[in-house]
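Asker: structure of the sequence below:
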Amino acid sequence: MDTRESKTPEEEKQHIINERIPEDYETSKPHLQPEAKKRPDGLYKLLPLVVIILGVIVVSIVVLGIINRGN
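Answerer: Next up, the predicted model:
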């Protein structure tokens, strides 16, 4: 890995070209990467619940604001 801060324009061009080349399936060997098959752990399952709760809170604030403005 190149850790130099500055690159010549030619090095920068070559770096960008290398980044755009798709990874070769034969050399990547995804079947040897168990972390790629594992389901992600964490709070991602709670995301829909959090979105619904925040939506209810926003709607209730809007409704209460309309009701209070009417009085």
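Asker: shaky segments in the protein?
Answerer: 1-5, 22-23, 25-26, 30, 36-37, 70-71 (pLDDT under 70).
Asker: top helix in it by residue count?
Answerer: helix 47-70 (DSSP state H).
Asker: how about that one: buried residues?
Answerer: For helix 47-70, burial by neighbour count (16 or more other Cβ atoms under 10 Å) applies to no residue. C-betas here are computed from N, CA, C, even on glycine.
Asker: residue numbering should commence at 10 henceforth.
Answerer: With the count now opening at 10, the last piece we talked about shows up as helix 56-79.
Asker: CA atoms of that helix as CSV?
Answerer: What follows is helix 56-79, C-alpha atoms only, in CSV (Å, rounded to 0.1, in the frame of the first residue of the first chain):
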residue,chain,number,x,y,z
LEU,A,56,-34.1,0.6,11.9
PRO,A,57,-37.7,0.1,10.6
LEU,A,58,-39.0,0.4,14.2
VAL,A,59,-37.1,3.6,14.8
VAL,A,60,-38.3,5.1,11.5
ILE,A,61,-42.0,4.3,12.4
ILE,A,62,-41.6,5.8,15.9
LEU,A,63,-40.0,8.9,14.6
GLY,A,64,-42.8,9.2,12.0
VAL,A,65,-45.5,8.9,14.6
ILE,A,66,-43.7,11.6,16.7
VAL,A,67,-43.5,14.0,13.8
VAL,A,68,-47.1,13.5,12.8
SER,A,69,-48.3,14.0,16.3
ILE,A,70,-46.3,17.2,16.6
VAL,A,71,-47.8,18.5,13.4
VAL,A,72,-51.4,17.5,14.4
LEU,A,73,-51.0,19.0,17.9
GLY,A,74,-49.6,22.2,16.3
ILE,A,75,-52.6,22.5,14.0
ILE,A,76,-55.0,21.9,16.8
ASN,A,77,-53.4,24.4,19.1
ARG,A,78,-53.2,27.0,16.4
GLY,A,79,-56.9,26.7,15.8
